[in-house]
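Student: predicted structure and sequence below. I'll ask about it afterward.
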Amino acid sequence: MTARDLPRARVYAAWASGPLAVLLGAGAHVLGGEDLPGLWVLLAVSALLSMVASMLARFRLPIWALLLVSGLIQQVLHLIFGSFSGIVGSAQTGHPHGVVIGLPPQQAAAPEAGGHHAIELMLDAHVAAALLTVIAVTQCGVLAKSLSRLRPAPTGTASPRLDRRRGVAGRR
């Protein structure tokens, strides 16, 4: 099955899910009190996630599998954001991902002043980001249909005419 065989809504949802997951994951990370990596890292990660999602779009995954994949992606995003933000080896998070070996244990484990890290809040925010990503991706077809109904009818020079088969006015 190629991308041409898939409905457009699924292809667009797959490509949009990468930046959406990164945006929601970044919001969760900031809400938990952490810093974000640079813009280029965010763009690269969202491009990679879009490519992965486009490869997964050809499979008809059940909702539990989408939730599992979305949760795993949020975990990976948390690790990437923690690795590429701030000073390398910084123990600002309170749960250092990569502590510099040369620091004494007291210095490495002590969080900086003002760098309060609520691990529970970050966990809840990443779970919410995973759920919102799945909801947005699975409901994008419904949203696209709703938006297409809101679009005004095309205006042109053609005059309405009576459709003889149905007995209603139609456009040429």
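Tutor: Received, thanks. Just so we're clear, the structure is a prediction, and the values are computed from it rather than from any experiment.
Student: can you tell me the element Met122 falls in?
Tutor: helix 119-138 (DSSP states H and E).
Student: which helix is the longest one in the protein?
Tutor: helix 8-31 (DSSP state H).
Student: that helix packs against which elements?
Tutor: On a contact count with 3 or more Cβ pairs under 8 Å, 6 or more residues apart in numbering; DSSP states H and E, helix 8-31 meets helix 39-56, helix 63-84, helix 119-138, helix 140-150. For the C-beta atoms, the positions are set from N, CA and C on the backbone; glycine is no exception.
Student: dump the ones you listed to JSON lines, plus mean neighbour count.
Tutor: Below are the helices and strands packed on helix 8-31 laid out as JSON lines (neighbours: other Cβ atoms under 10 Å):
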{"stretch": "helix 39-56", "mean neighbour count": "16"}
{"stretch": "helix 63-84", "mean neighbour count": "17"}
{"stretch": "helix 119-138", "mean neighbour count": "18"}
{"stretch": "helix 140-150", "mean neighbour count": "11"}
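Student: among the ones you listed, which is nearest Gly27?
Tutor: Ranking the helices and strands packed on helix 8-31 by proximity to Gly27 (Cβ to Cβ) places helix 119-138 first, at 6.8 Å.
Student: quick one, the closest one and helix 8-31 angle?
Tutor: 170 degrees (axes from the mean of the first three to the mean of the last three Cα atoms, to 10 degrees).
Student: verify the stated contact: Asp35 with Gly82.
Tutor: No - with contacts counted by Cβ atoms under 8 Å, Asp35 stays clear of Gly82, the gap being 9.3 Å.
Student: excluding its backbone neighbours, what's nearest Gly71?
Tutor: Ala130 (4.6 Å; Cβ to Cβ, 6 or more residues apart in numbering).
Student: list the contacts of the one you found.
Tutor: Going by Cβ atoms under 8 Å, 6 or more residues apart in numbering, Ala130 touches 67, 70-71, 73-74.
Student: mind running it again at 6 Å?
Tutor: Residues in contact with Ala130 (Cβ atoms under 6 Å, 6 or more residues apart in numbering) are 70-71, 74.
Student: what is the nearest of those to His126?
Tutor: Nearest member of the contacts of Ala130 to His126, counting by Cβ to Cβ, is Gln74, at 4.4 Å.
Student: how about low-confidence regions in the protein?
Tutor: Residue ranges of the chain with pLDDT under 70: 1-6, 86-117, 141-145, 147-148, 151-172.
Student: what sits against Gln74?
Tutor: Gln74 makes contacts with 25, 126, 129-130, as judged by Cβ under 6 Å, 6+ apart.
Student: having no further points to raise, I will conclude here.
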